[in-house]
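**Q** Sequence below, structure please.
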Amino acid sequence: MSAAEPTLNDEVRTLYLDHHGWLHGWLRRRLANAGQAGYAADLAHDTFVRLLAREKPIAAREPRAFLATVARGLVANFHRRQALESAYQQALAALPEAEAPDPQTRALLLETLAELDRRLHALPAAVRRAFLLFQLDGMPQAAIAGELRVSVATVQRYIVRALHQCCFPA
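**A** Next up is the predicted model:
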């Protein structure tokens, strides 16, 4: 890299200085419909943190479109996490008090669920669906094959792939 080429940190700094306010407003408008506009600052921050974690230079020709694309993925993850937390809280509320985990265990379980959700969403939809039908619904592999219109061997490959993704992510 020559001295004239900006570093990744320089690119992110410039994007931040030039577009942070715009991105924060954009996110606030996006989240206002869901009553979650208070999270806009966090998601704007997370957008720039994600950019700092990149290995390649950004070189965005349309910086706002680029930032919006990154932020959209974070908003989708945010909504998925909110839905997961809500479902988790409902499941906990249904437990008898004596069986409910302590707050520390609850937090660990929620983080584990969120990580598994993130890993499963990195898989193609058919692989994820086969795995969930098998693991959560207890559906036989032959029935899953019929539902997905694939062979039983394909269902088996899907399940192995999903298990591998959950246990040994890249």
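**Q** low-scoring pLDDT stretches of the chain, where are they?
**A** Scanning the chain for pLDDT under 70 picks out 1-5, 34, 170.
**Q** quick one: the helices in the chain?
**A** 8-32, 40-52, 63-93, 103-120, 125-135, 141-148, 152-167 (DSSP state H).
**Q** Columns mean neighbour count on top of those, output as CSV?
**A** Where C-beta positions appear, they are placed from N, C-alpha and C, glycine not excepted. CSV is the format used below for the helices of the chain (neighbours: other C-beta atoms under 10 Å):
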stretch, mean neighbour count
helix 8-32, 16
helix 40-52, 17
helix 63-93, 14
helix 103-120, 13
helix 125-135, 18
helix 141-148, 16
helix 152-167, 16
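**Q** can you pull the contacts of the nearest residue to Leu52 once chain neighbours are set aside?
**A** Leaving aside its sequence neighbours, Leu52 sits nearest to Val12 (C-beta to C-beta, 6 or more residues apart in numbering; 5.4 Å). Counting by C-beta atoms under 8 Å, 6 or more residues apart in numbering, Val12 touches 48, 51-52, 58.
**Q** one more time with 10 Å
**A** In this structure, Val12 makes contact with 6, 47-54, 58, judged by C-beta atoms under 10 Å, 6 or more residues apart in numbering.
**Q** How about Val70?
**A** Applying C-beta under 10 Å, 6+ apart, one finds that Val70 lies in contact with 23, 46-48, 50-51, 54, 58, 60.
**Q** now it: how far from Leu92?
**A** Distance, Val70 to Leu92, using C-beta to C-beta, to the nearest Å: 33 Å.
**Q** what's the answer for Leu110, then?
**A** Distance of Leu110 to Leu92, computed by C-beta to C-beta: 10 Å.
**Q** Now the residue nearest the centre of the chain. Nearest residue, chain neighbours left out?
**A** Of all residues in the chain, the one closest to the mean position by C-alpha atoms, centre = their mean is Asn77, 3.7 Å from it. Take Asn77 and drop its neighbours on the chain: the residue closest to it by C-beta to C-beta, 6+ apart is Arg118, 7.4 Å away.
**Q** Quick check: the one you found touching Arg81?
**A** Yes. Applying C-beta atoms under 10 Å as the test, Arg118 and Arg81 come out as touching, 8.8 Å apart.
**Q** about what we covered before: mind listing what the residue nearest to the centre of the chain touches?
**A** The neighbours of Asn77, taking C-beta under 10 Å, 6+ apart as the test, are 43, 46, 114, 117-118, 121.
**Q** from those residues, which single one is nearest Ala153?
**A** His121 (24.6 Å; C-beta to C-beta).
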